[in-house]
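Undergrad: 3D model of this:
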Amino acid sequence: MAIDYLKTVARLQGHVDAEAAEGLQQWLRAGKKRTVDLGRCDSLHTAVLQTLLALAPPIKTPPPHERLRQALGLDPAPQVSERSET
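TA: This is a model prediction of the structure:
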């Protein structure tokens with residue numbers, strides 16, 4: 001299953017297909033303070049993306065892929081700067 005529903009967190013993993021959009025929407029609307037963990041999400045069907053954009057739940061963990069973060073309007077991953085030691 002691409003989404004694991006915990007008490008207050010929906011954990012999206014791998015590729016989340018269109019069939020998951022309706023269940024995610026119902027779960028998010030059924031309770032307060034529900035968050036989404038995208039830390040292991042590789043890709044989303046546009047129906048799922050639209051659900052997340054429309055309902056705008058808090059994102060507990062952003063997705064690892066830059067394009068997906070951008071599509072969700074999230075800040076890009078912080079750049080790690082190399083420090084030269086002299």
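Undergrad: Where do the strands of the protein begin and end?
TA: For the chain, the strands defined by DSSP state E occupy 3-5, 9-16, 35-44, 59-61.
Undergrad: so residue 42 touches residue 14, yeah?
TA: Yes: if you go by CB atoms under 8 Å, residue 42 and residue 14 touch, sitting 5.4 Å apart. (C-beta placed from N, C-alpha, C; glycine too.)
Undergrad: ok now stretch 34-43, how far from the chain's centre?
TA: Between the centre of stretch 34-43 and the centre of its chain there are 3 Å (CA atoms, centre = their mean, to the nearest Å).
Undergrad: List of residues touching it?
TA: Contacts with stretch 34-43, where a contact means CB atoms under 8 Å, 6 or more residues apart in numbering, come from 8-16, 27-28, 52, 57-65, 68, 72.
Undergrad: ok, 6 Å please
TA: With contacts defined as CB atoms under 6 Å, 6 or more residues apart in numbering, stretch 34-43 is touched by 8-15, 28, 57-63.
Undergrad: So for it, mean pLDDT?
TA: Mean per-residue pLDDT for stretch 34-43: 96.
Undergrad: For that stretch, buried residues please.
TA: By neighbour count on 16 or more other CB atoms under 10 Å, the buried set for stretch 34-43 is 34, 36, 37, 38, 41, 43.
Undergrad: ditto for stretch 10-23
TA: By neighbour count on 16+ other CB under 10 Å, the buried set for stretch 10-23 is 10, 11, 12, 16, 20, 21.
Undergrad: with those in mind, which one is nearest to residue 4?
TA: Among these, residue 11 lies closest to residue 4 (CB to CB), at 4.4 Å.
Undergrad: in the sheet, who's paired with the closest one?
TA: Applying DSSP bridges to residue 11 gives these bridge partners: residue 4, residue 37.
Undergrad: Near residue 26, how many other residues are there?
TA: Using other CB atoms under 10 Å, residue 26 has 10 other residues around it.
Undergrad: tell me the centre residue of this protein?
TA: When CA atoms, centre = their mean is applied to the chain, the residue found nearest the centroid is residue 38 (3.4 Å).
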